[in-house]
Structure formats: C-alpha cells, structure tokens
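1. What follows is a predicted structure for the sequence shown.
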Amino acid sequence: MKKIWPFTFYFLYFAAFASLLPYFVLFYQGLGFNGTQIGLLTGVPPLITLFGAPFLSGVADSTRRHRLIMGLGIAVAIGVMLIMPTLSAFVIIFILIITFNIFMSPVSSLADSATLSMLGEERAMYGRIRMGGTIGWGLVAPIAGTVVENYGLRLAFLVFCGIMFVNFFVSQKFSFGNVEGHETSNSGIRTLLANRHWIFFLFLAFLGGLGIFSVASYLFPYMAVLGASESQMGIALMIATLTELPVFFFGHRLVRWFGAYRLFIIALVLIGVRSLLYATVNSAFQVFFVQAFSGMIFPVMWLAGVSYADENAPAALKSTAQGVFSAMTFGFGSALGGFFGGLMLESIGGRGMFLVIGIIILVGLVLIEASKRLFNRPKRA
C-alpha cells in the first residue's frame with residue numbers, strides 16, 4: 001500500500017497541472033496583456049520558487065512538519081486558482097501568481113523526498129512511481145484541450161481545483177522517515193552549497209529549467225501561430241506524455257548504466273537539440289514529431305537529477321537537497337526562461353525564441369563542463 005499513495009499523488013498532481021499550466025499564457029493573452037507583462041507573469045514567479053522551495057523544504061526537514069507544509073501549499077493553490085478566472089487586473093493577478101508559487105514551491109520536492117524514503121532499499125524504482133504523473137498528464141491533456149476549445153479557459157481552473165482538492169487528502173498519506181537532523185534550513189542549504197560539485201550541478205539544473213519551462217509556457221502560443229487548434233495542442237501533450245512512460249518505467253536501468261550525473265548531461269544535450277528542432281517546424285503536424293522525441297527528455301533529466309541530489313545529500317538534508325535542485329530548475333532557470341521567453345516571443349517570434357534558447361543551453365553546457373574540468377584539475381607541485 002505504501003507505493004499506492006505516491007503513485008496516486010503524482011497521477012493527480014500532474015493531471016491537475018495538465019488541465020491548466022499549458023494554457024496560462026493563452027489566458028494572459030486573452031486578458032490583453034502585452035509581452036512584457038506576460039514575461040513578468042511567467043518569469044518572476046519562478047524566482048519565488050528559487051528561494052521558496054529550498055527554504056520551505058528546509059523548514060520541513062528541521063521541524064519535521066512535512067505533511068503540514070505540503071497540505072498548506074496545496075490548499076493555498078486551490079484558493080488562488082478559484083479566484084483567478086474572475087480577475088482581469090494585471091497587478092492583482094501578478095500578486096496571486098506569486099502567492100501560488102510561494103506555497104506550491106516545496107510540494108513537488110517534498111513528494112520526491114517522501115517517495116524515496118518510503119521506497120527504502122527499492123529507491124531505484126522511483127521512476128516507476130513517478131510514472132503515475134506521466135499517466136495523469138497524458139490522460140488529462142487531450143481532455144483539457146477539448147474542454148478549453150469548447151467551453152473556454154475558465155473551466156480549466158475549476159478542473160485544476162477539483163483534482164487538487166482530492167490530492168490534498170492523498171498528500172497526507174506520505175511518510176518522510178525518522179531521520180533526526182540538527183541543522184536549520186539555512187545552515188542546511190549552506191552545507192550543500194559549500195560542495196563545489198553541487199555548485200556545478202545546480203548551474204546545469206538552471207539550463208535544464210530554462211529549456212523545460214520555455215517549452216511548457218510558450219509551445220502552445222507558438223502552435224497557435226502555426227494554426228493549431230486547442231485540440232491539437234492537447235494531442236501534442238498526449239504524444240509527449242506517452243513517450244515518457246517507457247523512460248520512467250526503465251529509468252532505473254538508465255541511471256545504473258550511465259550514472260546519475262552523466263545521464264543528466266545527456267538529457268541537457270537533448271533539451272538543447274529539442275529547442276533547435278522546434279525552431280525548424282512549420283506546422284502543428286511537424287510539432288507532433290518533435291513531441292514524440294521531446295517526451296523522452298524530461299523523465300531522463302528528472303530521474304537523473306533527483307537521483308544525484310539524493311545520492312549526494314546528507315541523511316538529514318534529503319528534502320532540502322531536492323528543494324535546492326527544484327529551485328534551480330523550476331526557480332531560476334524557469335524564471336529567466338519565462339521572462340525573456342515572453343519578450344522574445346513578442347519581438348522575434350516563437351521560432352527565434354526557441355533558436356536562441358537552444359543555442360544558450362548547448363553553449364552553456366560546454367562552458368560549465370569546461371569550467372568544472374578546469375577547477376578539478378590537480379595542482380602541480
């Protein structure tokens with residue numbers, strides 16, 4: 001039964017986000033917001049995650065109040081999304097989006113930490129549990145596309161809230177183990193950042209977040225320019241989701257064969273190449289082909305990143321480590337991807353945006369790895 005609760009949580013968590021997250025930019029465009037405003041709404045809030053995820057997950061570690069913090073985050077998210085579709089003022093929506101990000105920032109990291117704890121010696125099977133999220137996303141994405149196309153975006157907010165309401169109760173079934181730690185959240189973060197290998201890993205996580213979030217936020221507006229309908233957008237999500245399943249199922253073998261760090265590097269190369277491929281498409285049909293390749297990338301990156309963070313964190317800082325990894329990926333990386341992506345979408349279009357981001361990721365990867373080798377080179381006597 002222990003495996004059922006994490007699997008169910010991931011299923012509901014990603015099903016909820018599949019019903020709403022890809023349509024946020026379309027919602028903002030429907031309110032008449034310009035490129036700068038959209039860039040702020042998609043770029044600034046993840047910066048909150050940069051600080052919120054490690055801080056709140058660190059508080060959970062130091063106070064042992066993991067379920068309370070997780071439940072509070074989900075409850076606040078539901079309240080915010082119930083109000084959101086009734087509003088149209090930029091400032092108010094901006095404040096609510098920031099609030100949403102603050103309270104939701106540690107939820108995913110806490111779920112990962114709890115899942116690994118509950119699996120115990122079967123931690124290698126994390127990918128098969130996390131596969132529940134892929135199934136949830138894949139089932140709901142095409143349904144959400146049809147719902148939005150026929151009934152409008154407002155209903156997507158209600159679907160999100162309904163699914164998350166159920167997930168609130170599921171989240172309270174998590175177990176986080178009984179590891180005793182004496183470090184506060186701030187000292188725990190400092191402990192991790194004192195490790196040079198962690199610093200390089202977090203720079204790489206930033207590049208991953210840049211590539212992942214730019215697609216999550218701006219693929220649909222790009223497809224709309226290419227003439228795609230909301231139903232086709234849902235199909236594009238479903239295709240990517242279906243190709244995630246085998247990777248999550250056999251992911252433990254990939255981690256074992258390549259090692260967590262090397263697998264993470266491979267994923268980043270593929271993320272950069274994917275952005276370049278998006279820059280070459282001319283129709284929604286061609287997007288489907290890229291999506292078939294695209295879906296394999298995120299689970300590779302996430303499995304490798306979660307495994308590396310768990311393997312290289314002290315026993316009392318497991319949740320903190322996941323929070324720091326999540327913060328750099330979906331905080332700093334997503335923030336810049338969201339903000340500058342919005343500006344580029346307006347100024348050079350989706351094709352130009354994906355081209356620039358792809359180049360940044362691949363060049364950045366080379367520079368980070370070169371710097372790592374330079375700093376790790378043995379000093380001559």
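-> Cool, got the structure.
2. Give me the buried positions along whichever strand or helix holds Pro299.
-> Pro299 belongs to helix 297-311 when assigned by DSSP states H and E. Neighbour-count burial for helix 297-311, counted by 16 or more other C-beta atoms under 10 Å, picks out 297-310. C-beta: built from backbone N, CA, C; applies to glycine.
3. what sits up against that helix?
-> Contacts with helix 297-311, where a contact means C-beta atoms under 8 Å, 6 or more residues apart in numbering, come from 112, 116, 123, 126-127, 130, 134, 201, 205, 208, 212, 244, 247-248, 251-252, 254-255, 258, 260-261, 263-264, 266-268, 270-271, 274, 318, 321-322, 324-325, 329.
4. List only buried entries from those residues.
-> Those of the contacts of helix 297-311 that meet the buried threshold are 112, 116, 123, 126-127, 130, 134, 201, 205, 208, 212, 244, 247-248, 251-252, 254-255, 260-261, 263-264, 266-268, 270-271, 274, 318, 321-322, 324-325, 329, by 16+ other C-beta under 10 Å.
5. In helices, which of these appear?
-> 112, 116, 126-127, 130, 134, 201, 205, 208, 212, 244, 247-248, 251-252, 254-255, 260-261, 263-264, 266-268, 270-271, 274, 318, 321-322, 324-325 (DSSP state H).
6. Ser175: what secondary structure?
-> Taken by DSSP: H, G, I helix; E, B strand; the rest coil, the conformation at Ser175 corresponds to coil.
7. so it sits right up against Leu116, yeah?
-> No. The criterion here is C-beta atoms under 8 Å, and Ser175 misses it with Leu116 at 11.0 Å.
8. follow-up on the earlier one: would you list the buried residues of helix 297-311 in a markdown table and tack on pLDDT?
-> Below are these laid out as a markdown table (pLDDT from 0 to 100):
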| residue | pLDDT |
| --- | --- |
| Ile297 | 88 |
| Phe298 | 84 |
| Pro299 | 85 |
| Val300 | 89 |
| Met301 | 91 |
| Trp302 | 85 |
| Leu303 | 86 |
| Ala304 | 90 |
| Gly305 | 89 |
| Val306 | 85 |
| Ser307 | 86 |
| Tyr308 | 87 |
| Ala309 | 85 |
| Asp310 | 81 |
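9. Can you tell me which of those residues comes closest to Ile93?
-> Ile93 lies nearest to Phe298 out of these, by C-beta to C-beta, at 27.5 Å.
10. dump the residue contacts of Lys173.
-> Residues near Lys173 by C-beta under 8 Å, 6+ apart: 5, 9.
11. Phe9 versus that one, what's the distance?
-> Distance of Lys173 to Phe9, computed by C-beta to C-beta, to the nearest Å: 8 Å.
12. With Ala370 instead?
-> 40 Å.
13. who has more neighbours, these two?
-> Neighbours were counted for Ala370 and for Phe9 using other C-beta atoms under 10 Å; Phe9 has more, 24 against 10.
14. Model confidence for that one, exactly?
-> pLDDT, Phe9: 95.
15. How about the secondary structure of it?
-> Under three-state DSSP, Phe9 falls in the helix class.
16. quick one: low-confidence parts of this structure?
-> Residue ranges of the chain with pLDDT under 70: 1-2, 177-189, 191, 193-195, 315-319, 376-381.
17. How about the contacts made by the residue most central in space within it?
-> Centroid-nearest residue in the chain, with C-alpha atoms, centre = their mean: Phe330, separated by 5.3 Å. Contacts here follow C-beta under 8 Å, 6+ apart; on that basis Phe330 touches 46, 49, 53, 108, 209, 212-213.
18. phi, psi of Ile357?
-> Here is the backbone geometry of Ile357 (degrees, to the nearest 10): phi -60, psi -40.
19. need the contact list for it.
-> Neighbours of Ile357 in contact, by C-beta under 8 Å, 6+ apart: 210-211, 214, 275, 337, 341.
20. Touching the strand or helix carrying Val91 from outside, list them.
-> According to DSSP H and E, Val91 maps onto helix 90-104. Contacts to helix 90-104, defined as C-beta under 8 Å, 6+ apart, come from residues 31, 33, 37, 40-41, 44-46, 48-49, 52, 72-74, 76-77, 80-81, 83-84, 87.
21. returning to that earlier point: put together a markdown table for the buried residues of helix 297-311, with distance to Val225 on each row.
-> As requested, these are arranged in a markdown table below (distance: C-beta to C-beta, whole Å):
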| residue | distance to Val225 |
| --- | --- |
| Ile297 | 23 |
| Phe298 | 24 |
| Pro299 | 28 |
| Val300 | 29 |
| Met301 | 27 |
| Trp302 | 29 |
| Leu303 | 33 |
| Ala304 | 33 |
| Gly305 | 32 |
| Val306 | 35 |
| Ser307 | 38 |
| Tyr308 | 37 |
| Ala309 | 37 |
| Asp310 | 41 |
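22. What is the nearest of those to Ile348?
-> The nearest one, if we look at the buried residues of helix 297-311 relative to Ile348 and count by C-beta to C-beta, is Ile297, at 23.9 Å.
23. Now, the contacts of helix 90-104 that are in helices?
-> Residues of the contacts of helix 90-104 located in helices (DSSP H): 37, 40-41, 45-46, 48-49, 52, 72-74, 76-77, 80-81, 83.
24. Now the two most distant members of the residues you listed.
-> Largest separation among these by C-beta to C-beta: Gln37 and Leu72, giving 29.0 Å.
25. Can you name the residues that contact Phe9?
-> Neighbouring residues of Phe9 by C-beta under 8 Å, 6+ apart: 111, 132, 167, 170-171, 173-174.
26. Among the contacts of helix 90-104, name the buried ones.
-> 33, 37, 40-41, 44-46, 48-49, 52, 72-74, 77, 80-81, 84.
27. For the contacts of Ile357, which single residue is the most surrounded?
-> Neighbour-wise, the contacts of Ile357 (other C-beta under 10 Å) top out at Ser214, 33 neighbours.
28. Assign a three-state SS to that residue, would you?
-> Under the three-state scheme (three-state DSSP), Ser214 adopts helix.
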